[in-house]
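In: here are the coordinates; sequence isn't available:
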C-alpha cells in the first residue's frame, strides 16, 4: 500500500480528516459554521505538534521526511485554507444581513453578483493560502542548503494562524448583537494579504506553542458553550 502509516504522520492525517469533517459539517443542511470551527481548532492542535512528533523518529529516510513535508502542506491547505472558506460560505446561509441585502436586490443578476463577490473573496483566500504554503516549502528547501538548522523567523503570516483567528471572529457573535458575517469576510481578506506579506514573524518556541494551544482550548470551550446554551 502506498504511503507511510507510522506514528510520525498520524497527527497530519488526523488534521486532514478533521478538516474534511469540518467542511461537511459546515455546509450540511442550512449550514453549521460554528461546529465547523471546532474541527478547525482541532486541526490547529494537530499542527502544533505534528512536526515535533515526526522529529522524534531518528531513522527516517529522506523519502520519509519529504513525504511528511508534502502531506503537511497538503493538509494545511485543506485545514486552514478550504475549511475557513467553507465556514464563511456556511455563514451566508444564516446571515440576516446577507438575507436582507438579497431581498433588496430587485434583479436576479444583482443577487448573483453579490454572492459571487463574497464567493470570490473566499476563493482568493484559498489561493493566498496555497501560494504561502508553496513559497514557504521552496524557500525552506533553499534555506536548508545554505543555513541548516531550525528556522527562527517566518516571512508572512503562517497559514496555521487561521486556526486561532477565525474562531476568535466567530466568538464575537456571542458578545456583539449585530451580524458578524461581514467582519468574517473582511478578516479573510486581511488574513489572505497577511499570508503573502513580507513581514517578519518570530517562530514560536515550545512556550509560545503551548500558549497558543491554551488560547485555542479556551476558544473551543467558549464556542461549545455558546452553541449548547443558545
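Out: Perfect, I can see it now. Since the model is a prediction, treat every value here as computed from it, not as a measurement. Numbers count the residues shown, from 1 in each chain.

In: list the buried residues of the longest helix along the chain.
Out: In the chain, taking DSSP state H as the definition, the longest helix is helix 108-146. For helix 108-146, burial by neighbour count (16 or more other Cβ atoms under 10 Å) applies to 114-115, 118, 121-122, 125-126, 128-130, 132-133, 136. All C-beta atoms are positioned from the backbone trio N, CA, C, and that covers glycine.

In: tell me the mean pLDDT over it?
Out: The average pLDDT within helix 108-146 is 89.

In: beyond that helix, next helix or strand please.
Out: strand 153-155 (DSSP states H and E).

In: please work out which residues outside the helix or strand that comes right after that next one touch it.
Out: The helix or strand immediately downstream of strand 153-155 is helix 162-171, counting by DSSP H and E. For helix 162-171, contacts defined as Cβ atoms under 8 Å, 6 or more residues apart in numbering pick out 33-34, 37, 40-41, 43-45, 47, 79-81, 84, 87, 129, 180, 183-184, 187-188, 191, 212, 215-216, 219-220, 222-223, 226.

In: distance check, the residue most central in space within the chain against residue 74.
Out: Of all residues in the chain, the one closest to the mean position by Cα atoms, centre = their mean is residue 80, 1.9 Å from it. Counting by Cβ to Cβ, to the nearest Å, the gap from residue 80 to residue 74 is 12 Å.

In: what ranges does the protein have for its helices?
Out: Using DSSP H, helices in the chain cover 10-27, 33-54, 62-77, 83-94, 96-104, 108-146, 162-171, 181-196, 206-228.

In: what would the ones you listed look like in a markdown table with distance to residue 1?
Out: Shown next, in a markdown table, are the helices of the chain (distance: least, Cβ to Cβ, whole Å):
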| stretch | distance to residue 1 |
| --- | --- |
| helix 10-27 | 14 |
| helix 33-54 | 20 |
| helix 62-77 | 13 |
| helix 83-94 | 27 |
| helix 96-104 | 45 |
| helix 108-146 | 25 |
| helix 162-171 | 30 |
| helix 181-196 | 34 |
| helix 206-228 | 33 |
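
In: ok, which of those helices comes nearest residue 4?
Out: Proximity to residue 4 (Cβ to Cβ) singles out helix 62-77 among the helices of the chain, at 5.7 Å.

In: now do that closest one against helix 10-27, angle only.
Out: Angle, helix 62-77 to helix 10-27, by axes from the mean of the first three to the mean of the last three Cα atoms, to 10 degrees: 20 degrees.

In: other residues contacting helix 62-77?
Out: When contacts are defined by Cβ under 8 Å, 6+ apart, helix 62-77 is touched by residues 3-4, 8-9, 12-13, 15-16, 19, 43, 47, 50-51, 54, 60, 126, 129-130, 133-134, 136-137, 159-160.
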